[in-house]
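Trainee: Turn this into a structure:
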Amino acid sequence: MSALHQTACVYRPMTRADLPAAHALSSQLNWPHNLEDWALLHRTFKGFVACADGRLIGTAFACPQGAYATIGLVVVNPDYQGQGIGRQLMEQVLDACLPGVAILNASVAGAPLYLSQGFVEFGTIEQRQGLAQAVALEPLAEDEQCRALCATDQARQLALANAGSGLDRHAIFAQLQDTLEHSIGIERDGQLQAFALLRRAGRGHCIGPVVAENLEQAKHLIANLLARIANRFVRIDVPAGSGLSEWLTLAGLEPVDSVTQMALGTPPQPADGMRQFALVSQAIG
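Mentor: Have a look, this model is predicted:
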């Protein structure tokens, strides 16, 4: 039942005690995030909540990452929508993003709010998921080798992640280690040139980020990880222009949704010939 009057809300920073209610709210909307997904964001970044009638009714996260900050998990209970609660939460997270340039991935429902706040579109992200199917490994160049990553690779891996995304990934990468099931990379002349992570997330597994120099490397990495979780649920979020779409369908990962990339200023740019072929998540970028 929709609220019939303007609700008096309290807006405040999220605490650890809010996580079960936040998770329940996202589950109510059939979002795939599990409790640990929420906890990871809360440990790393800045969450905000809206509370009314003695319960949590809205959330939003600001995720500072160097010169930029991503915004995610902007959720409002359907019974309280249409009262400006989402806009108030956005004001909270926009302040928390400063001095970084705010970027986000907008659903169809959320896009009008963000456009009204000055965000501009700069791309599209496809959400793909399904039961992983093994596919043939894309051949690598003769001087390239694929191998499992280890602790000594972390500094180079972070440098590649920063270059591929245009964001400073050090804070989130420190937290991702606890969720990893497998990490692989491609090296050339003894130096890591590309990598991909397989993580526990959502309803099963997530592949991302995937950072590589070219499409062939990205396919090789993803196929290697899919072979490890054959017939298990996996999700991957990829730029629409990545070149992966048809190939991912062959791998059993169908498109189930798409979101619009938006920035409140100049969007981040990759560097050093690197590309991010799959996100960490829609909230983190």
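
Trainee: List the buried residues of whatever helix or strand residue 37 lives in.
Mentor: Using DSSP states H and E, residue 37 falls within helix 35-44. Of the residues in helix 35-44, those buried by neighbour count under the rule 16 or more other CB atoms under 10 Å are 37-42, 44. Glycine gets a C-beta too; all of them are placed from N, C-alpha and C.

Trainee: could you say what helices and strands it packs with?
Mentor: helix 19-28, strand 55-65, strand 68-76, helix 170-176, strand 191-201 (3 or more CB pairs under 8 Å, 6 or more residues apart in numbering; DSSP states H and E).

Trainee: Toward the C-terminus, what is the element adjacent to the fourth one?
Mentor: The helix or strand immediately downstream of helix 170-176 is strand 180-188, counting by DSSP H and E.

Trainee: Now do the buried residues in that following strand.
Mentor: For strand 180-188, by 16+ other CB under 10 Å, it's 182-188.

Trainee: Format the buried residues of helix 35-44 as JSON lines; extra columns: pLDDT.
Mentor: JSON lines is the format used below for those (pLDDT from 0 to 100):
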{"residue": "37", "pLDDT": "92"}
{"residue": "38", "pLDDT": "94"}
{"residue": "39", "pLDDT": "94"}
{"residue": "40", "pLDDT": "93"}
{"residue": "41", "pLDDT": "94"}
{"residue": "42", "pLDDT": "95"}
{"residue": "44", "pLDDT": "94"}
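
Trainee: which among these gets closest to residue 128?
Mentor: Taking CB to CB as the measure, residue 37 is the one of the buried residues of helix 35-44 closest to residue 128, at 17.7 Å.

Trainee: how about the helices and strands packed on helix 35-44 in a markdown table, adding mean neighbour count?
Mentor: What follows is these, written out as a markdown table (neighbours: other CB atoms under 10 Å):
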| stretch | mean neighbour count |
| --- | --- |
| helix 19-28 | 17 |
| strand 55-65 | 23 |
| strand 68-76 | 24 |
| helix 170-176 | 17 |
| strand 191-201 | 21 |
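
Trainee: Let me see the contact set for the closest residue in space to residue 265 that isn't next to it in sequence.
Mentor: The shortest distance from residue 265 to any non-neighbouring residue, by CB to CB, 6 or more residues apart in numbering, is to residue 101 (4.1 Å). For residue 101, the contact set (CB atoms under 8 Å, 6 or more residues apart in numbering) comprises 67-69, 263-268.

Trainee: Spatially, which two of those are the most separated?
Mentor: Top of the distance list for these (CB to CB): 69 and 266, 13.6 Å.

Trainee: Out of the contacts of residue 101, who's the most crowded?
Mentor: residue 69 (26 neighbours; other CB atoms under 10 Å).

Trainee: Please report the distance of that one from residue 132.
Mentor: Distance of residue 69 to residue 132, given as CB to CB, to the nearest Å: 32 Å.
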